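A.B. asks: need a 3D model of the sequence below.
(one chain, ligands or ions: 2)
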Amino acid sequence: MKIDRIELREIRMPLVHFFETSFGRTTDRRIVLLRARADGLEGWGEVTCGESPFYSYETPATAWHILRDFLIPWALEKSWDSPAELAKRFRPVRGHNMAKAALENALWDIEAQSQGVPLAELLGGTREEIGCGVSIGIQNSPQELLEKIRRELAAGYQRVKVKIKPGWDVELLESIRSQFPDIGLMADANSAYTLADVARLKLLDRFDLMMVEQPLGWDDLVDHSRLQRELKTPICLDESIHSAEDARKAIEIGAGKIINIKLGRVGGHSAARKLHDLCLARHVPVWCGGMLESGIGRAHNIAMSTLPGFVLPGDVSASRRYWAQDIIDPEVTVTAKGTIVVPRKPGLGYLPNLERIEKLTARKESFERRR
Ligand code: OSB
Ligand code: MG
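C.D. replies: Ligands and ions are numbered 1, 2, ... in the order given. The predicted structure follows:
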């Protein structure tokens, strides 16, 4: 593959409803999209970082810098046998996985189109439909949260994840369980606790949760392994897993029993697949996490979720839960049984709506191969 043009854009998109976690509230997204052209085909990727460095250190500005000054010049310097080969070229850059993923993933889109196959198939996916859950943020009141849960269940979603933090946890889960005794339920703390909270965290064992996600430090494995020994509820790791190597170490020390795979956090489809393969071989269930993506990032998540180890419903849900209008055609929709039917068209399988993207663009820069 010979890339001859790469375009970066930052688009602004208001969420239909604010999304709040233990680290803060998001109302308006700033999303960096990457469009690459190679061999007469065009592919898209998304930088899945937050607006602020509260989930990870990456932000739209750091991603723009790393892409413009390092990754894009490298990508334009020669032809690549495969997206995985480009991913290897990115290794000298420490971290910045979300910036790397946007560019590598755009090449996966192109590679799938050039082979005339859906991206899911190129990745080795085996599912025609993927199971979907929802992630529901912290609300203004417990009543509003219960109402939201009711609505999402009525729409068919297979499991509900709620965000927790000290003061919005045990009592809340108690009232959720009393109204919804049998639903697939889990809680995500986004690192809001420490080992000093073990007694409180042990109370979570009453609620038959599928898992508790990232209760402790964003960069911790060791304390998670201590906590897991105290808890019946499986711990799922999100923030602290950046590679298959991280997952291997986490599994070896018993830091968790389930892993949330996010394409951006691990640096793209090649790394995500490696992590997936490792977990599959070790019988560790994985699922696909979400980062409030636009349709581009969402489409990549759908393709990845078709791999056989993705045995739990992910945080991959319908476009309309996030956006008044998404930037892809068709938008992502969810069936009454809480699934997304994987597109069968070559590549991502959803068309970027260029007119809409142009309207939302706040900043744009393009880079051409020198001839
Ligand atoms: O921890 O999984 C998380 C959103 C932003 C940052 C971190 C997380 C999340 C979500 C939302 O839970 C998942 C989604 O619906 O996209
Ligand atoms: Mg999480």
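A.B. asks: can you tell me the closest non-neighbouring residue to L360?
C.D. replies: I11 (4.0 Å; CB to CB, 6 or more residues apart in numbering). (C-beta placed from N, C-alpha, C; glycine too.)
A.B. asks: likewise N105?
C.D. replies: Leaving aside its chain neighbours, N105 sits nearest to G45 (3.9 Å; criterion: CB to CB, 6+ apart).
A.B. asks: what about the residue nearest the centre of the chain, distance to ligand 1?
C.D. replies: With distances taken as CA atoms, centre = their mean, the chain has G290 as the residue nearest its mean C-alpha position (3.3 Å). Counting by CB to the nearest ligand atom, to the nearest Å, the separation of G290 from ligand 1 is 2 Å.
A.B. asks: from R265, how far off is that residue?
C.D. replies: Taking CB to CB, to the nearest Å as the measure, G290 and R265 are separated by 11 Å.
A.B. asks: ok, G349 next?
C.D. replies: If you measure G349 against R265 using CB to CB, the figure is 23 Å.
A.B. asks: one more: L307?
C.D. replies: The value you get for L307 to R265, if CB to CB is used, is 16 Å.
A.B. asks: so these two - more neighbours on which side?
C.D. replies: The residue with more neighbours, out of L307 and R265, is R265; 27 against 24, by other CB atoms under 10 Å.
A.B. asks: and the more buried one, which of the three is it?
C.D. replies: helix (DSSP: H, G, I helix; E, B strand; the rest coil).
A.B. asks: same check, this time on the one 5 residues further on
C.D. replies: Per three-state DSSP, the local secondary structure of S270 is helix.
A.B. asks: show me what contacts it?
C.D. replies: Counting by CB atoms under 8 Å, 6 or more residues apart in numbering, S270 touches 83-84, 87, 104.
A.B. asks: now do D81
C.D. replies: D81 makes contact with M1 under the criterion CB under 8 Å, 6+ apart.
A.B. asks: how does the chain divide into domains?
C.D. replies: 3-116+351-368, 121-341 (automatic domain parsing).
A.B. asks: in TSV, list those along with mean pLDDT.
C.D. replies: Conversion of these to TSV gives the following (pLDDT from 0 to 100):
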stretch	mean pLDDT
domain 3-116+351-368	98
domain 121-341	98
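A.B. asks: and I11, helix, strand or coil?
C.D. replies: strand.
A.B. asks: mind listing the helices for this structure?
C.D. replies: Remark: helices of the chain, listed N- to C-terminal, are 60-66, 72-77, 83-89, 97-115, 119-123, 142-154, 170-179, 198-202, 222-230, 244-252, 263-266, 269-281, 295-304, 354-360; assignment by DSSP state H.
A.B. asks: near ligand 1, which residues of the stretch 251-371 of the chain show up?
C.D. replies: On the criterion CB under 6 Å from any ligand atom, ligand 1 has as its neighbours in the stretch 251-371 of the chain the residues 289-292, 315.
A.B. asks: between these, which is closest to ligand 1?
C.D. replies: G290 (2.4 Å; CB to the nearest ligand atom).
A.B. asks: distance of the closest residue in space to the closest one that isn't next to it in sequence from E85?
C.D. replies: With CB to CB, 6+ apart as the measure, D315 is the residue that lies nearest to G290, at 3.6 Å, once sequence neighbours are left out. For D315, the distance to E85 under the criterion CB to CB works out to 30 Å.
A.B. asks: ok so, going back, looking at the domains of the chain, which is closest to ligand 2?
C.D. replies: Go through the domains of the chain one by one with CB to the ion and the one that ends up closest to ligand 2 is domain 121-341, at 3.6 Å.
A.B. asks: quote the end-to-end distance of that closest one.
C.D. replies: Its first and final residues considered, domain 121-341 spans 14 Å by CA to CA, to the nearest Å.
A.B. asks: likewise stretch 210-225?
C.D. replies: By CA to CA, the extent of stretch 210-225 from end to end equals 18 Å.
A.B. asks: got the buried residues for that stretch?
C.D. replies: Neighbour counts over stretch 210-225 (16 or more other CB atoms under 10 Å) mark 210-217, 220-221, 223-225 as buried.
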